[in-house]
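Student: Below is the sequence, then the predicted model.
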Protein chains: 2
Amino acid sequence: MRAELVAVGSELLGPLRADTNTLWLTERLLDAGVEVAVRDTVGDDPELLESVLRAALGRADLVITTGGLGPTADDLTREAAAAALGRRLVRDPAIVESLRARFASFGRAMPSVNEKQGDLIEGAVALDNPRGTAPGQRIEHEGRVLVLLPGPPGEMKPLFATHVLPALEARGRAIRRRVLRIAAMPESQVDELVAPLYRSVENPRTTILGAPGQIELHLVGEGASPEEAEERIESLAVGLRERLPGRIFSEDGRELPAVVGELLVERDLTLAVAESCTGGLLSVRLTDVPGASRFLDRSFVTYSNQSKVDEIGVEPGLLERAGAVSEEVAAAMAAGVRRVAGTSLGIGITGIAGPDGGTDDKPVGLVYIALDSNSGTRVHRALFPGGRGRVRFQATQIALEILRRALLGLGPL
Amino acid sequence: MRAELVAVGSELLGPLRADTNTLWLTERLLDAGVEVAVRDTVGDDPELLESVLRAALGRADLVITTGGLGPTADDLTREAAAAALGRRLVRDPAIVESLRARFASFGRAMPSVNEKQGDLIEGAVALDNPRGTAPGQRIEHEGRVLVLLPGPPGEMKPLFATHVLPALEARGRAIRRRVLRIAAMPESQVDELVAPLYRSVENPRTTILGAPGQIELHLVGEGASPEEAEERIESLAVGLRERLPGRIFSEDGRELPAVVGELLVERDLTLAVAESCTGGLLSVRLTDVPGASRFLDRSFVTYSNQSKVDEIGVEPGLLERAGAVSEEVAAAMAAGVRRVAGTSLGIGITGIAGPDGGTDDKPVGLVYIALDSNSGTRVHRALFPGGRGRVRFQATQIALEILRRALLGLGPL
């Protein structure tokens, strides 16, 4: 079975924004045993798009488009697909009604331009899109299948998972995937430890993927049944865990903040955070986790020196003596925020995110991260490469990993 | 003039490796005034590739392929291109000779597989490739131009710069681009206001792009000189500004936090923030701006009710009476954080980000955003669609837009 993917949108043909939807779809299709033969990106030009779709439908068993289902005059995928198939567009009053109800639920009248989102290609099945206005469409035509998906990834992905993937998986070989995540280790170090093992195994296939502050091992196992595919994965995972003791923080899709949040809730512990250079990013990442109020009580962004004194009781003399970016001030921030908030744990982060403010002694990228608890205060010193955004993100990643290790009794980083 | 780019290679259709050659080419072509209408990625399948090339040559004035010019059995671009044009391949003995000399210069005999790199499409000009073995090819056919470039970026880029770009630049059209950004308005509303204007103008071309909490109008102007292209853009921008009075926050690439930060610095004003449902995201976005310490003094994530009382002096009775998510508490947070921090302005945000915690009365997505200043307290009520992440982001976007409007004396949202 061969698929062709068509990303629609002139904005994807500018220099600044590449399509990521078809990469994501390629990965999922390969997992389901479907080869992607061609990927196209097409601007908002109905004739071009019709020509591309007609060619794709002549070559592939499955054609998936993303984008161009919005309400504006630029959104022309419905029209172009209908023309490529030689079918009419028919407005579905039930879809228009549900769009109107969606707008009403936000207290707004539906603009008339949105009505065309109720246009279905004759013979197509509408794919319900609870997260957006544009429904997807699926149509069989001369033995080929054409699927139209919306462009926003948050809408496209669930539609694919709900309406496209199950039909593909029903075809036979079971594929399972697992992602092992590791924080606060360089990719080369992880690879040195595990490459000899995973390279010797053909099923599952393993790919190592690096991101700032995080390494992922992607395992794709295949079997006659889902259970067999899972067994293949598990037998390799056992060996990987042995080679990375205590380092794999997640095998079930959770990111580090969710893992740490659950550990806190399980142990009935609360946390307060005082951030300087990270500007609140650790708090944001922790409160991205639904139900974060069970473990996060409050946070302070103590950006100025005075705010460190006023809000969390850092001594003015200490700030003068050691400097705002120092082991001592990080420790005082962690202890201070814990005392003020009355929580089980306190974290303090202070550093130089750049691009300015670095010195020979305290360069850009230098960050101190402190954890204060009943068993005392621990300070970690880190020097991160990269720009302001990367330094800030990595600092929060290390803080979370320090927390995770402390909660599991694994000892310092 | 319209171009189509074709990246060749099955390795580009795996999940983990995207083609970057065509992104690079897109940017260079746009700068030279050539619009890229379609980008394709095709595996090493000669029939597929022939079909894609034939379709591309039917649509575009300029078709550029990258990859598939190597010596192995997988390298089939020459063959597929010849078939798409209905021309023969002719082995050029001079090219084969120079390949042999290249190998000899490294002290090696040329493997016989490399001989096919001397195959030229009948009528094509060979493009000398001093950094690799595969020469490029350029051929004119029925008013269209087809260019075959090698895949390795280190070979592709110099070949493009030497053999393709000069001919394009000689056409003498200059291209300039500008992005107009608007916050806190739905895409359909922006489009209704400005589509009649920008659709009536062919130069610049305008594309509307929606993102959560932000709409962008991308204007691409063309002229005999850069100045003329800029003039074209400016003459349309004047009309767009009239139809969106006070709504365009940036025309120079800056995002909303940077715009607000500069307004604060220019006016010598300081800000403190108290956040509940956004968990610190407004503070993070503001401190993403280098030099944020000039306007942001401190922020509080007052997640629990008690922290609202302790840190920013919200009355316990008010929390009980009105509830934590209420106009009154938002106002008290803004006024309280301003008082505690001693800043010119205070912002308070409280709401229900979801997925849980909503009621009929106060549904998920309900957020109150308050701004407190010398001229009093203003509270904005918003109801955002989407998941937790989108609700939180949009709340910060509205807060920034409220700030921007207040700083410019534009009146409430």
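Tutor: That came through fine. Just so you know, these numbers come straight off a predicted model, no measurement behind them.
Student: from here on, contacts and neighbour counts on C-alpha atoms
Tutor: OK.
Student: Would you confirm that A:L371 contacts A:S344?
Tutor: No - with contact defined as C-alpha atoms under 8 Å, A:L371 does not count as touching A:S344 (10.8 Å).
Student: Looking at those two, which has the bigger crowd around it?
Tutor: Legend: neighbour count by other C-alpha atoms under 10 Å in any protein chain shown for A:L371 and A:S344, higher for A:L371 (26 against 17).
Student: Can you tell me the SS state at that one?
Tutor: Following DSSP: H, G, I helix; E, B strand; the rest coil, the label given to A:L371 is strand.
Student: ok, for it, nearest residue in space, not its chain neighbours?
Tutor: Nearest residue to A:L371, sequence neighbours excluded (C-alpha to C-alpha, 6 or more residues apart in numbering or on different chains): A:I347, at 4.7 Å.
Student: The one you found bridge partners, please.
Tutor: With DSSP bridges as the criterion, A:I347 is bridged to A:V273, A:L371.
Student: Contacts only, for it.
Tutor: A:271-274, A:333-335, A:337-338, A:369-372, A:399 (C-alpha atoms under 8 Å, 6 or more residues apart in numbering or on different chains).
Student: Likewise for A:G313?
Tutor: By C-alpha under 8 Å, 6+ apart, the neighbours of A:G313 are A:A332, A:M333, A:G336.
Student: cool, A:E327 as well?
Tutor: With C-alpha under 8 Å, 6+ apart, A:E327 has these contacts: A:Y368, A:I369, A:A370, A:V379, A:H380, A:R381.
Student: I'd like to know how many residues surround the second one.
Tutor: Right, A:I369. Neighbourhood size, A:I369 [other C-alpha under 10 Å]: 27.
Student: from what I can see it touches A:A335, true?
Tutor: No - A:I369 is beyond contact range of A:A335, at 11.9 Å (criterion: C-alpha under 8 Å).
Student: so what's in contact with these two at the same time?
Tutor: With C-alpha under 8 Å, 6+ apart as the test, A:I369 and A:A335 both reach A:I347, A:G348.
Student: Dihedrals phi and psi, A:R88?
Tutor: Note on A:R88: backbone dihedrals following degrees, to the nearest 10 are phi -90, psi 160.
Student: For it, give me the pLDDT.
Tutor: Looking at A:R88, its pLDDT reads 97.
Student: Distance of A:R405 relative to chain B?
Tutor: Distance, A:R405 to chain B, by C-alpha to the nearest C-alpha, to the nearest Å: 24 Å.
Student: repeat for A:G253
Tutor: In this view, A:G253 and chain B are 17 Å apart by C-alpha to the nearest C-alpha.
Student: which residues sit in contact with that residue?
Tutor: Here A:G253 is in contact with A:R178, A:V179 (C-alpha under 8 Å, 6+ apart).
Student: Also A:F393?
Tutor: A:P212, A:G213, A:T278, A:L281.
Student: and what of A:R78?
Tutor: Contacts of A:R78 by C-alpha under 8 Å, 6+ apart are A:G68, A:L69, A:L89, A:D119, A:L120, A:I121, A:L148.
Student: In JSON lines: these, plus secondary structure.
Tutor: Below are the contacts of A:R78 laid out as JSON lines (three-state DSSP):
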{"residue": "A:G68", "secondary structure": "coil"}
{"residue": "A:L69", "secondary structure": "coil"}
{"residue": "A:L89", "secondary structure": "strand"}
{"residue": "A:D119", "secondary structure": "strand"}
{"residue": "A:L120", "secondary structure": "strand"}
{"residue": "A:I121", "secondary structure": "strand"}
{"residue": "A:L148", "secondary structure": "strand"}
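Student: Go through those and say which is closest to A:L29.
Tutor: A:L148 (15.5 Å; C-alpha to C-alpha).
Student: The closest one contacts A:G70, doesn't it?
Tutor: No - using C-alpha under 8 Å, A:L148 is not in contact with A:G70; the gap is 11.8 Å.
Student: measure the residue lying farthest from the centre of chain A to B:A341 for me?
Tutor: Largest separation from the mean C-alpha position in chain A: A:G317, at 42.6 Å (C-alpha atoms, centre = their mean). As judged by C-alpha to C-alpha, to the nearest Å, A:G317 and B:A341 stand 21 Å apart.
Student: Pop the domain breakdown of chain A in here.
Tutor: As given by automatic domain parsing, the domain ranges for chain A are A:2-169, A:174-250, A:256-407.
Student: can I get these in JSON lines with distance to B:Y303?
Tutor: Below are the domains of chain A laid out as JSON lines (distance: least, C-alpha to C-alpha, whole Å):
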{"stretch": "domain A:2-169", "distance to B:Y303": "25"}
{"stretch": "domain A:174-250", "distance to B:Y303": "26"}
{"stretch": "domain A:256-407", "distance to B:Y303": "5"}
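Student: Could you identify which of those domains is most buried?
Tutor: domain A:256-407 (a mean of 21; mean count of other C-alpha atoms under 10 Å in any protein chain shown).
Student: mean confidence score for that one?
Tutor: Here the average pLDDT along domain A:256-407 is 96.
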